[in-house]
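**Student:** Any chance you could fold what I've pasted below:
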Amino acid sequence: MKIAIIGSGISGMMTAWMLAGRGCDITLYDKQQPGQESSWAGGGIVSPLYPWRYADAVTRLAHASQAVYPKLVETLKSESGIDPEYLRSGLLIFSPEEEEAALAWGQRWSMDIRSVDASAIAALDPGLACPDPTALWFPDVGQVRNPRIVKALYTALQKRPDIRFMTNTEVSSLSPSPQGIEVVTGSSRKTFDKAILCAGAWSPLLLEQAGVQPEIRPVRGQMLLFRTDPGTVRRITLHENHYAIPRKDGRVLFGSTIENTGFVKETTEAARTELAALAAQLYPVLAEAPIEHHWAGLRPGSPEGIPYIGSVPGIDNLYINAGHFRNGVVLAPASAKLAADLLTGETPDIDPAPYALDAERKREHHTAPETPV
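**Tutor:** Residues are numbered from 1 along each chain as shown. Next up is the predicted model:
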């Protein structure tokens, strides 16, 4: 079976990874180089932020992905020679008013969540200026380095004979044909048995004539990268919707904004100033740390943050795997496995109904109670 994947971010490449070895001939299209949009720009936390706030549909994907991540990154490292830098650094969340709800959620989903006091917080991360007297501690939460995991995926997939990449090749339209789906680019028309949209915030643009469109829109996020010595910041920390993420080499990522600016991806000086001030409040040492990089990405926002995974009604042989909002990295393995199962007609491990294009969702996008900078 010939399959076209439109978009080669982490969702597209992970879908190809899950399809590999199933007798498929796979072509991935991307308007630029693989993994250069939101997959590259994110934080790489292998957990939703404030996970108890999400719908069960998101939690199921997150749990399934978290279970396979350690082995997945080891396999990618072995096959690509690139270390995605998976690190189980743990996650501290300051949200005292939600402690009871979070602990109940953790018990329901068998997650290790502990309420810790100021002395325990100081032991976990001495450089943290504790903003509240208690925090929620998730000791099992890990992270990956986004640019490294997408590079590892790209390198590993290039070695497979059943997978090819069409980079710097923008798909202009998708249309049904007697043989399947016709994929049109600026220079060619090719027919595939099936195609799947994994183009993040850009996915709806190719479905304008479909009649049924996913409610996916771009949500800009700006981030800063600080240069510090290893161990300066020890834990992933989340406070009032902003997070600090310590990398293995000592760098600290701090983010992020949530801005409804359409497809405008430019950074702003106002966001840089605000993020730097917030980072210094949480970790005073960052006030003197040099900022190495300031960037922005466009997340694919969706109602309740529930991704769209499944067939596109009204267009035979066309599928979608997009709309993961802030959780593209953590949801990628399970989302891709579900998409691959549906494409090949295998029985999924997860009920696909909540992710269908026509599934009932709340109409608001999952941004509350988050506040843009």
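**Student:** Going by C-alpha atoms from here, please, whenever you check contacts or count neighbours.
**Tutor:** OK.
**Student:** What lies in contact with stretch 101-115?
**Tutor:** 52, 99, 134, 135, 136, 137, 138, 139, 140 (CA atoms under 8 Å, 6 or more residues apart in numbering).
**Student:** Which ones among the residues you listed lie within strands?
**Tutor:** The strands, defined by DSSP state E, take in 134, 135, 136, 137, 138 from the contacts of stretch 101-115.
**Student:** quick one: residue 134 from residue 246, how far?
**Tutor:** 21 Å (CA to CA, to the nearest Å).
**Student:** circling back: so which of the contacts of stretch 101-115 is the closest to residue 78?
**Tutor:** Residue 78 lies nearest to residue 140 out of those, by CA to CA, at 23.3 Å.
**Student:** separation between the closest one and residue 243?
**Tutor:** Counting by CA to CA, the gap from residue 140 to residue 243 is 17 Å.
**Student:** Next up, the contacts around the residue of the chain most remote from its centre.
**Tutor:** Going by CA atoms, centre = their mean, the residue of the chain most distant from its centre is residue 178, 34.9 Å out. Residues near residue 178 by CA under 8 Å, 6+ apart: none.
**Student:** all helices for the stretch 251-373 of the chain, in order.
**Tutor:** 269-282, 328-344 (DSSP state H, counting those that start in this stretch).
**Student:** So for residue 28, which of these sits nearest?
**Tutor:** That would be helix 328-344 among these, by CA to CA, at 14.0 Å.
**Student:** list the helices and strands that closest one packs on?
**Tutor:** Counting contacts by 3 or more CA pairs under 8 Å, 6 or more residues apart in numbering; DSSP states H and E, helix 328-344 packs against helix 10-19, helix 56-80, strand 308-311, strand 318-322.
**Student:** how about these in TSV, adding mean neighbour count and distance to residue 147?
**Tutor:** Formatted as TSV, the helices and strands packed on helix 328-344 follow (neighbours: other CA atoms under 10 Å; distance: least, CA to CA, whole Å):
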stretch	mean neighbour count	distance to residue 147
helix 10-19	26	10
helix 56-80	18	13
strand 308-311	26	24
strand 318-322	28	19
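**Student:** Mind putting those into a markdown table with mean pLDDT and distance to residue 33?
**Tutor:** As requested, the helices and strands packed on helix 328-344 are arranged in a markdown table below (pLDDT from 0 to 100; distance: least, CA to CA, whole Å):
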| stretch | mean pLDDT | distance to residue 33 |
| --- | --- | --- |
| helix 10-19 | 98 | 12 |
| helix 56-80 | 97 | 17 |
| strand 308-311 | 97 | 24 |
| strand 318-322 | 97 | 18 |
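**Student:** Dump those into JSON lines; add distance to residue 192 as well.
**Tutor:** As requested, those are exported to JSON lines (distance: least, CA to CA, whole Å):
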{"stretch": "helix 10-19", "distance to residue 192": "15"}
{"stretch": "helix 56-80", "distance to residue 192": "28"}
{"stretch": "strand 308-311", "distance to residue 192": "15"}
{"stretch": "strand 318-322", "distance to residue 192": "10"}
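**Student:** before we move on, the earlier item: out of the helices of the stretch 251-373 of the chain, which one sits most buried?
**Tutor:** helix 328-344 (a mean of 25; mean count of other CA atoms under 10 Å).
**Student:** Distance from the chain centre to it, please.
**Tutor:** Counting by CA atoms, centre = their mean, to the nearest Å, helix 328-344 is centred 12 Å from the centre of its parent chain.
**Student:** Stretch 234-250 now?
**Tutor:** Centre to centre, stretch against its chain (CA atoms, centre = their mean), the figure for stretch 234-250 is 16 Å.
**Student:** Which residues does that stretch contact?
**Tutor:** Contacts of stretch 234-250 (CA under 8 Å, 6+ apart): 43, 49, 85, 87, 89-95, 124-125, 145, 227-233, 252-256, 279, 370-371.
**Student:** Do me a favour and get the end-to-end distance for that stretch?
**Tutor:** 9 Å.
**Student:** What about residue 260, how many residues nearby?
**Tutor:** 15 (other CA atoms under 10 Å).
**Student:** I'd like to know how far it sits from residue 300.
**Tutor:** With CA to CA as the criterion, residue 260 and residue 300 are 11 Å apart.
**Student:** Now do the shared contacts for these two.
**Tutor:** 218, 219.
**Student:** for the stretch 151-300 of the chain, what are the low-confidence residue spans?
**Tutor:** The stretch 151-300 of the chain contains residues with pLDDT under 70 at 209-210.
**Student:** What ranges does it have for its strands?
**Tutor:** 163-166, 171-177, 180-185, 189-192, 194-197, 217-226, 236-239, 242-246, 252-255, 291-301 (DSSP state E, counting those that start in this stretch).
**Student:** Residue 23: which of the ones you listed is closest?
**Tutor:** Comparing the strands of the stretch 151-300 of the chain by CA to CA, strand 163-166 comes nearest, at 10.9 Å.
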